[in-house]
Every structure is written in C-alpha cells, then in structure tokens.
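Peer 1: Provided below for reference: sequence and predicted model.
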Amino acid sequence: MADLVHYKSMLYDSARWHGFTQRPGDIVVSTPPKCGTTWTQMICALLIFQTPELSQPLGVLSPWLDMQTRSAESIIADLDAQRHRRFIKSHTPLDGLPYREDVTYIWVGRDPRDVFLSWDNHVANMDIIAVLTARHNAIGLDDIMEQIAEGPPVRLENEIDRFWEWVDDTRSVVEWMSLHQTLHHLATFWDARDRANIVLLHYDELTADLEGEMRRLATRLGIDVPSDRWPELVRAACFDEMRRRAAEVAPEVTNAAIWRDNQRFFNRGTSGQWRRLLDDTDVRRYRRRVGELAAPDLAAWAHHGDV
C-alpha cells in the first residue's frame with residue numbers, strides 16, 4: 001500500500017482502508033461524489049439479499065469506510081462481523097484503493113454538469129454542525145482546527161458563478177471536490193476498464209434502462225436472481241421509491257444525521273438538468289476546460305456523447 005495515493009479532506013481519509021482486510025468476493029462501490037453512489041449501493045443490496053426489505057439501514061449494510069463521522073475501528077468491526085457478501089462504499093479513486101483481483105470494483109460515471117447541480121444541492125442540504133459534531137465524536141477535530149477557525153467557505157450567490165468556481169478550481173484532486181477531481185476519479189478506473197473485476201456503469205444508462213443494467217450487473221457479480229423476483233427489485237431501485245425510503249437508504253442518517261432533509265438528498269435524479277443553466281457560450285467554455293482535464297474518449301463517455 002506504500003504506493004497508494006493518499007486522498008484526504010476534512011470529511012474523508014483514504015488511509016482508513018489500510019486497516020481493513022478484504023475478502024474474496026467483496027464489492028467496492030467507488031464513484032466520484034454525486035454520480036449515483038447510493039443508487040448503486042441499493043442495487044447491490046437488492047441483488048445480494050433479493051428482497052426490498054433491508055435488515056438494517058443501507059449505510060450500515062454498506063458503510064462508507066473513508067468517511068470520518070465514525071471511527072474506522074467501528075466500521076471495520078461491523079464489516080468483519082458481516083457474513084453476507086460485503087459491498088463497501090468509497091469515494092476514493094482506484095489509485096488510492098488497495099487492489100485485489102478477487103474483489104469487484106464498481107464505478108459509475110455521470111455528466112459532470114449534472115454532478116455539479118447535484119453537488120450544489122448536496123452542500124446546501126448538509127448540516128455542517130452535525131457533520132463536525134460526528135467527526136469530533138469519532139476521531140476529534142485537532143487536525144482541522146485551523147480550517148474551522150477560518151470559517152466556512154463563502155458561498156457565491158449566483159448558481160452559475162458557483163458552477164464556474166467548481167469547473168475552474170485548481171486545488172489538488174486529493175483533497176477537494178471539483179470538475180478536475182470528478183474526471184480524475186473516473187480516469188483512474190477508465191484506464192483499468194478492461195480488467196475482469198472492474199465494472200463500469202453510467203448514470204444515464206441506469207436511468208434509461210434500470211432493469212437491463214441491474215441484470216447486467218447481476219451477471220458481472222455472478223448473482224442469479226429468480227425471474228419472478230425482478231419486478232419488485234427493480235421497483236425498489238427506482239428513484240421515487242428510494243426517495244420515499246430516504247430515512248433508511250440515504251447515507252449517514254443513523255449515525256450522524258447530517259442532512260437538513262433526508263428526502264432532499266434524492267433531489268431530482270434526472271439527466272440533462274444542466275441545460276437550464278448553461279447557454280451556448282457557456283458550453284463552449286466548459287468544453288475547453290474538459291479538454292484540459294480528460295482524454296477525448298473518457299470525456300465522450302462521461303458526457304454520454306454530449307460534451
């Protein structure tokens with residue numbers, strides 16, 4: 001693990017993977033933020049347990065190991081006690097994760113313009129006091145006291161200004177969410193996409209053909225689902241149903257309660273929202289920035305051919 005890239009922010013730390021022992025058959029769901037992580041976790045839960053009724057909240061069944069609102073020791077203890085096929089959440093790119101050929105890594109892409117809109121809602125919905133309180137209780141705050149003393153970042157008033165701030169952000173991808181970080185995360189998996197244990201999903205394809213993508217994922221995971229179970233499993237994975245069950249399937253709802261509104265975590269769930277924000281001039285400017293950050297084939301795939 002000495003060669004792994006260390007990704008660390010106020011909220012997450014990829015070094016927490018160092019104390020975790022993976023098992024053959026484990027599933028790691030690693031996506032950039034707001035690309036369909038919780039959706040993919042839910043799909044995995046439905047395929048593994050083959051029932052919409054979960055025995056525990058989704059974030060307990062599939063914990064976020066990187067997140068520092070619980071101690072790494074408690075998360076790892078929960079995972080070690082699990083006897084079902086484990087599926088673990090991460091926002092760490094592939095170059096920061098311990099890699100095993102007998103573990104399956106699922107990654108999900110989404111048009112980064114829609115990622116921003118979802119992220120913008122995500123930030124507005126987060127209760128930062130609850131987050132810091134949970135982090136304090138889990139690991140303390142000593143390492144981030146200088147950041148806390150500086151106060152929260154100034155939130156620009158206009159949505160389009162926040163978009164360009166996110167697009168043009170030049171801070172390091174190892175510590176800050178931005179367009180650069182989103183594309184970097186995707187690139188680490190894109191370059192390994194031909195490996196048998198790397199599974200590629202796209203948000204738009206999940207939206208267009210949820211059942212087809214769930215069946216394809218089941219095949220890649222080696223999971224057999226009886227034909228009569230598919231209708232209820234697909235219904236349970238639909239956006240509206242997940243939103244209805246937000247109190248049990250949204251992340252960090254049982255331990256930290258970090259959302260002002262759990263249902264707002266599942267805000268819209270549609271693709272192409274960015275069209276209401278960007279005009280033709282904006283799109284040209286955005287394309288130039290993407291061209292600086294991503295290879296053409298990755299950019300075309302991430303934007304589903306509409307970069």
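Peer 2: Right, received. Where do you want to start?

Peer 1: what's near enough to touch residue 35?
Peer 2: Residue 35 makes contact with 108-110, 115, 182, 203, according to Cβ atoms under 8 Å, 6 or more residues apart in numbering. For every residue, glycine as well, the C-beta is placed using N, CA and C.

Peer 1: Looking at those, which are in helices?
Peer 2: If you go by DSSP state H, those have 115, 182, 203 in helices.

Peer 1: Out of those residues, the closest to residue 49 would be?
Peer 2: residue 203 (23.3 Å; Cβ to Cβ).

Peer 1: For residue 291, which non-adjacent residue is spatially closest?
Peer 2: residue 299 (7.2 Å; Cβ to Cβ, 6 or more residues apart in numbering).

Peer 1: do you know how far that neighbour is from residue 249?
Peer 2: 31 Å (Cβ to Cβ, to the nearest Å).

Peer 1: higher neighbour count, those two?
Peer 2: residue 249 (26 against 19; other Cβ atoms under 10 Å).

Peer 1: burial count for the closest residue to the more buried one other than its chain neighbours?
Peer 2: Excluding the flanking residues, the one nearest residue 249 by Cβ to Cβ, 6+ apart is residue 58, at 4.4 Å. By other Cβ under 10 Å, 23 other residues sit near residue 58.

Peer 1: ok, residue 58 - contacts?
Peer 2: Neighbours of residue 58 in contact, by Cβ under 8 Å, 6+ apart: 38, 41-42, 45, 248-251.

Peer 1: ok, back up a step: nearest to residue 155, out of the ones in helices among the contacts of residue 35: which one, please.
Peer 2: Using Cβ to Cβ, the ones in helices among the contacts of residue 35 come closest to residue 155 at residue 115, 17.8 Å.

Peer 1: shouldn't residue 114 be in contact with residue 268?
Peer 2: No: taking contacts as Cβ atoms under 8 Å, residue 114 lies outside contact range of residue 268: 9.0 Å.

Peer 1: okay, these two: which has more neighbours?
Peer 2: Taking neighbours as other Cβ under 10 Å, residue 114 and residue 268 compare with residue 114 leading, 22 against 12.

Peer 1: Kindly provide the distance from that one to residue 130.
Peer 2: 26 Å.

Peer 1: Would you mark the buried spots in stretch 61-80?
Peer 2: 61-70, 72, 75-76, 79 (16 or more other Cβ atoms under 10 Å).

Peer 1: can you give me the end-to-end distance of it?
Peer 2: End-to-end distance for stretch 61-80: 12 Å, by Cα to Cα, to the nearest Å.

Peer 1: List of residues touching it?
Peer 2: Counting by Cβ under 8 Å, 6+ apart, 7, 11-14, 16-17, 19-21, 29, 41, 44-45, 54-55, 60, 82, 86-92, 131, 134-135, 138-139, 251-252, 255-256, 258 sit against stretch 61-80.

Peer 1: Give the rounded mean pLDDT of that stretch.
Peer 2: Computed over stretch 61-80, the mean pLDDT rounds to 95.

Peer 1: now do stretch 272-283
Peer 2: Here the average pLDDT along stretch 272-283 is 96.

Peer 1: List the buried residues of that stretch.
Peer 2: Buried residues in stretch 272-283 (16+ other Cβ under 10 Å): 273-274, 282.

Peer 1: so how far is that stretch from its chain's centroid?
Peer 2: Per Cα atoms, centre = their mean, to the nearest Å, the displacement of stretch 272-283 from the mean C-alpha position of its chain is 24 Å.

Peer 1: just stretch 46-55 next, same as before
Peer 2: That offset, for stretch 46-55, works out to 20 Å (Cα atoms, centre = their mean).

Peer 1: what does the average pLDDT come to for it?
Peer 2: Stretch 46-55 comes out at a mean pLDDT of 97.

Peer 1: Identify all contacting residues around the helix or strand of the chain with the lowest mean pLDDT.
Peer 2: Scoring the helices and strands of the chain by mean pLDDT, DSSP states H and E places helix 262-265 at the bottom, with a mean of 74. Applying Cβ under 8 Å, 6+ apart, the contact partners of helix 262-265 are 38, 121-122, 125, 243-244, 246-247, 250-251, 253, 259.

Peer 1: Tell me which stretches of the stretch 201-307 of the chain form helices.
Peer 2: Along the stretch 201-307 of the chain, counting by DSSP state H, counting those that start in this stretch, helices occupy 203-208, 210-221, 230-237, 239-244, 246-249, 262-265, 280-293, 296-302.

Peer 1: Give the other helices and strands that the fifth one contacts.
Peer 2: So the one you mean is helix 246-249. Judged by 3 or more Cβ pairs under 8 Å, 6 or more residues apart in numbering; DSSP states H and E, the packing partners of helix 246-249 are helix 262-265.

Peer 1: for the helix it packs on, which positions count as buried?
Peer 2: In helix 262-265, counting by 16+ other Cβ under 10 Å, buried: 262, 265.
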